[in-house]
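J.: Need a 3D model of the sequence below.
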Amino acid sequence: MTHPPVPLGTFPTPLEPAPRLAAALGLGPEDLWVKRDDLTGLGGGGNKIRKLEWTVGAALAEGADTLVTTGAAQSNHARLTAAAAARLGLDVVLVLRGAPGASRSGNLALDGLFGARLAWAGEVGQAGLDAAAAEVCARLRAEGRRPALIPFGGSGTLGARGYARCGEELRGQLPGLRTAVVALGSGGTMAGLVAALGTGSVLGVDVGALADPAAAVVAFAVPLTSQEVTAERLRVRRDQVGAGYAALTDPVAEALRLAARTEGIVLDPTYTGRALAGLAAAVRDGDVRPGEKTVFVHTGGLPGLFGHPAAVTAAEEGAGAY
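T.: Just a heads-up that it's a prediction; the model follows:
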């Protein structure tokens, strides 16, 4: 049974033209638009709110009083889960990869501001993170609490429904859309867009969060659409991962500068920066072409910029002396 979503965000989000960025990428001035899902409202904004409306809605319907979720130390999803819990009067425990003390900035500062409790899982893979979250849920139940485990990244078929709705928004906002470009992390955002727009109209740029993100997109999208969705049909770029999920690459640093200096739009070094670097590469190799309507889906993540020392240093060094 699918429970109704709980309203958390402000929709529809704006779709803004980006003519100067388009020209810098080699596109025509009317070819590129930015879907401002960084402006979803709650907790600093971002794409995870669309997913949380569904996953938290299900948790509330099942009587949960505590939300539990997992992520990296600078997880945008964890930050927004904490914000959703605060708005709804729920407790929240964030099970994070790593150890305390490495950073108190970026999303971690907001986690604390929203009143989250943190459980550090150490340097573990996804299986270890899942095991740590299961242990936290067991301890909460032993204390008489009613925890709900929200999936990693909010991703799953249920959470992807939020991005199927986003795809429907885009169809209404920009008839004739050829390609929506989006960061591909845990898979739910791309899956929802694929369900609404079709496999040929969504270009996912892998950020390195999963070993096989295409498989996740297929698993989440298939129940939401009657069209055929296979890994072979998906448009996925895997050329922007670089040294790994947390690393700042030169193309991503350039993408951050480009968006900021052409349109005054701030991206983050893990997700949207990689997505724009992937779009730039797609224009260079002809996968995205002038004369076609292209949308860059801005999924948010600004607080993560301030929790990324290399990105902060690169940004500060960009300021010239007068």
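J.: residue boundaries of the strands in this protein?
T.: With DSSP state E as the criterion, the chain has strands at 15-17, 32-36, 66-71, 91-96, 117-120, 147-149, 177-184, 202-206, 235-237, 293-298.
J.: For residue 214, find the nearest of those strands.
T.: Residue 214 sits nearest to strand 235-237 of all these, at 5.3 Å, using C-beta to C-beta. In short, each C-beta sits where N, CA and C put it, glycine included.
J.: quick one: stretch 264-277 to chain centroid distance?
T.: 11 Å (C-alpha atoms, centre = their mean, to the nearest Å).
J.: And that stretch, end to end?
T.: Using C-alpha to C-alpha, to the nearest Å, one end of stretch 264-277 lies 17 Å from the other.
J.: Just the buried residues of it, please?
T.: Using 16 or more other C-beta atoms under 10 Å as the burial criterion, the residues of stretch 264-277 that qualify are 265-277.
J.: So which of those sit within helices?
T.: Among the buried residues of stretch 264-277, DSSP state H puts 272, 273, 274, 275, 276, 277 in helices.
J.: In a markdown table, list these along with pLDDT.
T.: Output for those, formatted as a markdown table (pLDDT from 0 to 100):
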| residue | pLDDT |
| --- | --- |
| 272 | 98 |
| 273 | 98 |
| 274 | 98 |
| 275 | 98 |
| 276 | 98 |
| 277 | 98 |
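J.: Closest one to residue 178 out of those, please.
T.: The closest of those, once distances to residue 178 are taken by C-beta to C-beta, is residue 275, at 16.5 Å.
J.: follow-up on the earlier one: now the two most distant members of the buried residues of stretch 264-277.
T.: 265 and 270 (16.1 Å).
J.: related to what we said a few turns ago, is it possible to export the buried residues of stretch 264-277 to JSON lines including distance to residue 142?
T.: Listed next are these as JSON lines, based on distance: C-beta to C-beta, whole Å:
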{"residue": "265", "distance to residue 142": "47"}
{"residue": "266", "distance to residue 142": "43"}
{"residue": "267", "distance to residue 142": "43"}
{"residue": "268", "distance to residue 142": "37"}
{"residue": "269", "distance to residue 142": "39"}
{"residue": "270", "distance to residue 142": "35"}
{"residue": "271", "distance to residue 142": "36"}
{"residue": "272", "distance to residue 142": "40"}
{"residue": "273", "distance to residue 142": "42"}
{"residue": "274", "distance to residue 142": "41"}
{"residue": "275", "distance to residue 142": "42"}
{"residue": "276", "distance to residue 142": "46"}
{"residue": "277", "distance to residue 142": "46"}
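J.: any idea which of those is closest to residue 170?
T.: residue 275 (15.3 Å).
J.: Read off the pLDDT value for the residue lying closest to the closest one once chain neighbours are set aside.
T.: Nearest residue to residue 275, sequence neighbours excluded (C-beta to C-beta, 6 or more residues apart in numbering): residue 183, at 4.1 Å. pLDDT recorded at residue 183 is 98.
J.: Then the one 5 residues further on?
T.: According to the model's per-residue confidence, residue 188 sits at a pLDDT of 97.
J.: correct me, but it touches residue 156?
T.: Yes: between residue 188 and residue 156 there is a contact under C-beta atoms under 8 Å: 6.3 Å.
J.: what residues are shared contacts of the two?
T.: Common neighbours of residue 188 and residue 156 (criterion: C-beta atoms under 8 Å, 6 or more residues apart in numbering): residue 220.
J.: Can you convert the strands of the chain into TSV and add a column each for distance to residue 2 and mean neighbour count?
T.: As requested, these are exported to TSV (distance: least, C-beta to C-beta, whole Å; neighbours: other C-beta atoms under 10 Å):
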stretch	distance to residue 2	mean neighbour count
strand 15-17	28	15
strand 32-36	25	23
strand 66-71	19	25
strand 91-96	23	24
strand 117-120	29	16
strand 147-149	15	21
strand 177-184	24	24
strand 202-206	23	27
strand 235-237	27	19
strand 293-298	24	26
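J.: need those strands in CSV with distance to residue 220, can you?
T.: Formatted as CSV, the strands of the chain follow (distance: least, C-beta to C-beta, whole Å):
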stretch, distance to residue 220
strand 15-17, 24
strand 32-36, 19
strand 66-71, 17
strand 91-96, 21
strand 117-120, 26
strand 147-149, 17
strand 177-184, 12
strand 202-206, 12
strand 235-237, 14
strand 293-298, 16
